[in-house]
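> got a predicted structure here, sequence first:
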Number of protein chains: 2
Amino acid sequence: MRPHTCLYVAYGLSLGLGLLCLVFVISWNSYWRGGFSWDASAQQFNWHPVLMVSGLVVLYGNAAVVYRLPFTWGQRKFTWKLVHAGLMLLALVLSILGLCAVFDFHRGLQIPDLYSLHSWVGICTVVTFAFQWVLGLAGFLLPCSPWWFRIILKPFHVWLGKAILILSLASCISGLNEALLLTLNGAEPYSSLPVQAKFANFLGVLIVAFGIIVFGILSKTKWERPETDENAYPLLGENIS
Amino acid sequence: MRPHTCLYVAYGLSLGLGLLCLVFVISWNSYWRGGFSWDASAQQFNWHPVLMVSGLVVLYGNAAVVYRLPFTWGQRKFTWKLVHAGLMLLALVLSILGLCAVFDFHRGLQIPDLYSLHSWVGICTVVTFAFQWVLGLAGFLLPCSPWWFRIILKPFHVWLGKAILILSLASCISGLNEALLLTLNGAEPYSSLPVQAKFANFLGVLIVAFGIIVFGILSKTKWERPETDENAYPLLGENIS
């Protein structure tokens, strides 16, 4: 077997599962939940799952593994730090828009904000993600960041990155479950497992599978980007971490 | 700072958070939800969160990190494999009893089984855990297990162990959220955030915090048990892994 074959298989699997998550979350909200708008209606709420799954799970997971791709190891690390930070910023913006969608919807229908455990875990996830992004920018991209700070920050950044992914998965699964419990009632309750329920439950399974594959890629130390001299001896403060 | 101080701080934190999870889940079900019985009533259901949080989260997390304790590194690995397997078996039995509690309760009230996303993720968690335990027993404890099989199995066992913890956290958070959404209604709905809701939401936050600390301990390669000659050259088929 060629070197890195397993890594590329795992990466391909994560890309495929991520794409399926997007297709499923958009289809679920388009076909069964009335589509999308931005007018404080239920159609505005529908942006919430789509933006959270796209930003906090799929884009976040892909941004987390960019350093693991062997074809990038010969290229300048600084370029890939910019790609990582850029994708993470996009993921963060999508997540914040996803929060705006649900807060607007709540205001329109006079529903209280932040009462469920899902919302507590969800808001912790986005706040921690924003904190991590700002700290990452200050520590790893600003040229004035001292070398010792980067060395201390790196293991914390890696650990917090994984913690955010765990928080994202817990938020998404509890949120999907909550949306189905609150909306599937009447003639076809959730407990009768109508087609929509099976479809959305399967979306939940896809989200968890994506997260577990991303964790697998992140956990394998031999798939980490090798530290070259360029990284070990910082030049213009851009190469460490 | 003494070597391993950070590890022992993290371990102490995980023990403290695990204990708090147990106190909170038992108190919630005793004080607000009518306590415990085994007669297909709501009091039988109350065993479900208690057994799942105890088995699938607290005991599982503690069993996962036993190899990381430096005071055990001078002792025979086989002894600690037995401790690991024994604690995991107890965690698995508690989880299966937790499933029996909810299935019995459903039968008593004619509620369908396995319709919600929580139940799908939860049943996947326990089935994967049982598979992992049997595979671990066959691979690492049975003397007839060949050396090459142990070497192939170890990284898979480590990855699947972390995946099960992620599944457990997603199951517990979605389950707690579901229980509160389905039972807190009437005069004091969940959305009015009564004391019970705050208490149970805080339990959810404790569970996530415990899981993230355990992940931190498991992810740090320098906190892994060093491979000694005893482990590298198997004697009586008991030392690899």
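Perfect, thanks for sending it. Residues are numbered from 1 along each chain as shown, chains lettered A, B, ... in the order given.

> C-alpha from now on. contacts and neighbour counts both.
OK.

> the helices in chain A, which residues?
Using DSSP state H, the helices of chain A run over A:5-27, A:42-45, A:47-52, A:60-64, A:77-109, A:117-136, A:147-183, A:195-219, A:229-232.

> mind checking which of these is nearest chain B?
Of all the helices of chain A, it is helix A:147-183 that lies closest to chain B, at 4.0 Å by CA to the nearest CA.

> so what does that closest one touch, helix or strand wise?
Packed against helix A:147-183, as judged by 3 or more CA pairs under 8 Å, 6 or more residues apart in numbering or on different chains; DSSP states H and E, are the following elements: helix A:47-52, helix A:60-64, helix A:117-136, helix A:195-219, helix B:117-136, helix B:147-183, helix B:195-219.

> chain center to it: distance?
Chain-centre distance of helix A:147-183: 8 Å, with CA atoms, centre = their mean, to the nearest Å.

> for stretch A:189-196, same thing?
Mean-position distance between stretch A:189-196 and its chain equals 28 Å (CA atoms, centre = their mean).

> likewise for stretch A:52-66?
In terms of CA atoms, centre = their mean, the centre of stretch A:52-66 is set 3 Å apart from its chain centre.

> mind checking pLDDT for the residue lying closest to A:E224 once chain neighbours are set aside?
Once flanking residues are discounted, A:E224 sits nearest to A:R68: 5.5 Å by CA to CA, 6 or more residues apart in numbering or on different chains. Per-residue pLDDT puts A:R68 at 92.

> next: the one 3 residues further on.
If you check A:F71, the pLDDT there is 90.

> what about it, how many neighbours?
Neighbours of A:F71 under the rule other CA atoms under 10 Å in any protein chain shown: 8.

> quick one: it from A:T5, how far?
In this view, A:F71 and A:T5 are 12 Å apart by CA to CA, to the nearest Å.

> list phi and psi for the residue of chain A positioned farthest from its centre.
The outermost residue of chain A, judged against the average C-alpha position, is A:A187 (34.9 Å), by CA atoms, centre = their mean. With angles defined as degrees, to the nearest 10, A:A187 sits at phi -70, psi -30.

> ok, now A:G34?
The phi and psi torsions at A:G34 (degrees, to the nearest 10) take the values phi 90, psi 10.

> check contacts around it.
By CA atoms under 8 Å, 6 or more residues apart in numbering or on different chains, the residues touching A:G34 are A:Q43.

> low pLDDT regions in chain A?
A:1-3, A:228-241 (pLDDT under 70).

> which bits of it sit near chain B?
For chain A, the contact set with chain B under CA under 8 Å from any CA of the partner chain comprises A:111-112, A:115-118, A:120-121, A:159, A:163, A:166-167, A:169-171, A:173-178, A:181, A:190-193, A:197, A:201, A:204-205, A:208, A:212, A:215-216, A:219.

> now a PyMOL select for only the buried ones of the residues you listed.
Per 16 or more other CA atoms under 10 Å in any protein chain shown, the buried members of those correspond to this PyMOL selection:
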select buried, chain A and resi 115+116+117+118+120+121+159+163+166+167+169+170+171+173+174+175+176+177+178+181+190+191+192+193+197+201+204+205+208+212+215+216+219
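
> how much space separates the closest residue to A:E188 other than its chain neighbours from B:A179?
Distances taken as CA to CA, 6+ apart put A:P194 closest to A:E188, at 6.4 Å, once the chain neighbours are dropped. A:P194 sits 21 Å away from B:A179 when distances are taken as CA to CA.

> try A:H106
Going from A:H106 to B:A179 by CA to CA gives 22 Å.

> looking at these two, which one has more neighbours?
Counted by other CA under 10 Å, A:H106 and B:A179 do not tie: A:H106 has more neighbours, with 18 against 12.

> hang on, the more buried one packs against A:L114?
No. Using CA atoms under 8 Å, A:H106 makes no contact with A:L114, being 10.0 Å away.

> point out the most buried one among the helices and strands packed on helix A:147-183.
Among the helices and strands packed on helix A:147-183, judged by mean count of other CA atoms under 10 Å in any protein chain shown, the one packed with the most neighbours on average is helix A:47-52 (a mean of 25).

> so what's the gap between that helix and the chain middle?
Using CA atoms, centre = their mean, the offset of helix A:47-52 from its chain centre is 12 Å.

> name the nearest residue to A:I26, sequence neighbours excluded.
In space, and not counting its chain neighbours, A:I26 is closest to A:V50: 6.1 Å by CA to CA, 6+ apart.

> roughly how far apart are that neighbour and A:G122?
In this view, A:V50 and A:G122 are 14 Å apart by CA to CA.

> can you check A:S171 too?
As judged by CA to CA, A:S171 and A:G122 stand 5 Å apart.

> again, but for A:Y11
With distances taken as CA to CA, A:Y11 is found 26 Å from A:G122.
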